[in-house]
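Student: Let's see this in three dimensions:
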Amino acid sequence: MSDISTHTIAVSPWHDFKEITKMRLSISVVFSSVAGYLLAFTPGNFDWITVIQLIFGGYFMVGASNAYNQVMERDLDALMDRTKNRPVASGRMSVNTALIIATTFTVLGLVTLFYINPQTAMFGGISIFMYVFLYTPLKTKTPLSVFVGAFPGAIPFMLGWVAATNDFSIEPGTLFMIQFFWQFPHFWAIGWFLFEDYKKGGFFMLPTGKRDKSTAVQVILYTIWTVLVSLIPAFGVTGRLFLSPLAAVVVGGLGLFMLYWAVKLYQLRDAKTAKRLMLASVTYITLLQVVFVIDKFLR
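Tutor: Sure thing, here's the model as predicted:
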């Protein structure tokens, strides 16, 4: 019954555009990039044009990746409850239309980011390549897909720094590592509470392939790594990227909040707790970026 009702819902072209480009996800990625830019610029070199280019270029790149992904996984998406109403999977949008959107967004994204500087465009291109040609096909073959997907997923936070400085060094490298480690507990939490749905599509998201103690232990370990890496800037070893003692306490508190739910997942091993961990992880990375930026402007 749910299949029939879902596939016969009248949906506007604007809704399909938001779905094919995953607008909410794309906006969150753009938020990360802008946060990275705000952390990098120095007094006198703030450029609104660059920020606007970063916003649009970032959205184009993420939107393109998502559109390619939905074309490649359309048959598998149709098998899962959470994705069967996507534009291509449901048949509302043709593969050709989706590919036109993806290709157009790729070109616009690369050109826009190139106008900022070549390094920004290069990292944007790497993110699309890894997401589409490595992460997407690996999702049905090995749990290591999460590791591969963590690379393009970690680029946005550092991309803003590179856009502001045209340089990749210890500072954007640290921002990259924060978001890289964060993705493991985040996506494993999603893989846990959507385990049965992912199973229908043949996706391998959990490190052991099961919702067991071993997976829960790895969630805890990577949560700890995420928090520790996030606190490295407080020790003054990451160049211009610095975290004051007060900000470090706040970030540490946010980390304990996420770790609490990681431990609860180990204790309870249920979908409800996994979903709370996922929400805690989103809260963590969002507020961490806000704290980093506010701390810079308060110093």
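
Student: List the residues that contact Ala271.
Tutor: Trp192, Phe193, Phe195 (Cβ atoms under 8 Å, 6 or more residues apart in numbering). For every residue, glycine as well, the C-beta is placed using N, CA and C.

Student: between the residues you listed, which has the most around it?
Tutor: For these, the largest neighbour count, defined by other Cβ atoms under 10 Å, is 25 neighbours, found at Trp192.

Student: That residue is in what secondary structure piece?
Tutor: Per DSSP states H and E: Trp192 is located in helix 170-193.

Student: Kindly state the domain boundaries assigned to this protein.
Tutor: Split into domains by automatic domain parsing, the chain comes to 1-168, 170-299.

Student: weakest of these in terms of mean pLDDT?
Tutor: Mean pLDDT values for the domains of the chain show the minimum at domain 1-168, a mean of 91.

Student: what about that domain, distance to the chain center?
Tutor: Offset of domain 1-168 from its chain centre (Cα atoms, centre = their mean, to the nearest Å): 9 Å.

Student: circling back: could you dump the contacts of Ala271 into JSON lines with distance to Phe114 added?
Tutor: JSON lines is the format used below for these (distance: Cβ to Cβ, whole Å):
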{"residue": "Trp192", "distance to Phe114": "39"}
{"residue": "Phe193", "distance to Phe114": "39"}
{"residue": "Phe195", "distance to Phe114": "41"}
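
Student: From the residues you listed, pick the one nearest Ile52.
Tutor: Ile52 lies nearest to Phe193 out of these, by Cβ to Cβ, at 36.9 Å.

Student: Let me see the contact set for that closest one.
Tutor: Contact analysis of Phe193 by Cβ under 8 Å, 6+ apart lists Ala271, Lys272, Ala274, Lys275, Met278.

Student: Most neighbours of all those residues, which one?
Tutor: In terms of neighbour count, Ala274 stands highest of the contacts of Phe193 at 26 neighbours, by other Cβ under 10 Å.

Student: my guess is it contacts Phe187, does it?
Tutor: No: applying Cβ atoms under 8 Å, one finds Ala274 not in contact with Phe187, separated by 11.1 Å.

Student: do you know how far Pro233 is from Asp47?
Tutor: 24 Å (Cβ to Cβ, to the nearest Å).

Student: Tell me the secondary structure at the nearest residue to Phe195 once chain neighbours are set aside.
Tutor: In this structure, Phe195 finds its nearest non-sequential neighbour in Arg211, 5.6 Å apart by Cβ to Cβ, 6 or more residues apart in numbering. Three-state secondary structure (criterion: DSSP: H, G, I helix; E, B strand; the rest coil) places Arg211 in coil.

Student: Check the spacing between Thr226 and Ala154 real quick.
Tutor: Look at Thr226 and Ala154: by Cβ to Cβ, they are 11 Å apart.

Student: Neighbour count for those two, which is higher?
Tutor: For Thr226 versus Ala154, the count of surrounding residues by other Cβ under 10 Å is larger for Thr226: 28 against 21.

Student: Quick one: name whatever helix or strand follows the helix holding Trp192.
Tutor: helix 195-201.

Student: For that next one, give me every contacting residue.
Tutor: 73, 76-77, 79-83, 140, 191, 204-206, 211, 271.

Student: same check, this time on stretch 217-225
Tutor: In this structure, residues lying in contact with stretch 217-225 by Cβ under 8 Å, 6+ apart are 181, 184-185, 188-189, 207-208, 255, 258-259, 262-263, 265-266, 277.

Student: next one: stretch 56-70
Tutor: Against stretch 56-70 from outside (Cβ under 8 Å, 6+ apart): 20-23, 25-27, 29-30, 33, 77, 86-89, 98-99, 101-103, 105-106, 108-110, 112-113, 116, 120, 124, 127-128, 131-132, 136, 152, 156, 159.

Student: Any of the contacts of stretch 217-225 buried? List them.
Tutor: Neighbour-count burial (16 or more other Cβ atoms under 10 Å) applied to the contacts of stretch 217-225 gives 181, 184-185, 188-189, 207, 255, 258-259, 262-263, 265-266, 277.

Student: and whichever strand or helix holds Val111, what does it pack onto?
Tutor: Using DSSP H and E, Val111 sits within helix 95-116. Packing contacts for helix 95-116, counted by 3 or more Cβ pairs under 8 Å, 6 or more residues apart in numbering; DSSP states H and E, involve helix 13-20, helix 48-72, helix 87-90, helix 118-129.
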